[in-house]
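[1] Please work out how this folds:
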Amino acid sequence: MVEADFSGSFTNPLNCKAGDIGIVLPEAYYEEKKNLKGVVYKQLNLNVEINGKKLIHSPRMKEGQALIAAWGKNTDDWNGKQFKVKIVNAFVMGQEKEQVRIEPLVEKAV
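    Residues are numbered from 1 along each chain as shown. Prediction:
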């Protein structure tokens, strides 16, 4: 039997739930994109695993800053790091939508 899964390859509320614990996988990369005004920018994409499924997560600016604060700027150092999934409401092009955010789990210093 094949289980149908149309939740996509990017993190979203269909394949992630609030409180899920994920792990960062190797090979973060930048993707070149254009905003609505046609301005080119680079989006960081992280390979992650959540609930046994390999996905891609694109951190937003504040989220990325929290990851850097916890783990440093070198994304190679993020490999194997764990995070907690949060589901937030955000306005996208004038419509409220649920989105996935990740929050770094940082080991407390002894």
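
[2] What segments of the chain are helices?
    61-71 (DSSP state H).

[3] Flag the shaky bits of it, pLDDT-wise.
    Under the criterion pLDDT under 70, the flagged ranges of the chain are 107-110.

[4] Against residue 20, how distant is residue 52?
    Taking C-beta to C-beta, to the nearest Å as the measure, residue 52 falls 11 Å from residue 20. C-betas here are computed from N, CA, C, even on glycine.

[5] same thing with residue 14?
    On the measure of C-beta to C-beta, residue 14 and residue 20 end up 12 Å apart.

[6] Could you check which of residue 52 and residue 20 is surrounded by more residues?
    More crowded of residue 52 and residue 20, by other C-beta atoms under 10 Å: residue 20, with 17 against 5.

[7] who are the neighbours in contact with the more buried one?
    Counting by C-beta atoms under 8 Å, 6 or more residues apart in numbering, residue 20 touches 50-51, 84-85.

[8] Restricted to strands, list those residues.
    50, 84-85 (DSSP state E).

[9] Contacts only, for the most centrally placed residue in the chain.
    Nearest to the mean C-alpha position of the chain, counting by C-alpha atoms, centre = their mean, stands residue 57 at 3.0 Å. Neighbouring residues of residue 57 by C-beta under 8 Å, 6+ apart: 10-11, 45-46, 48, 100, 102.
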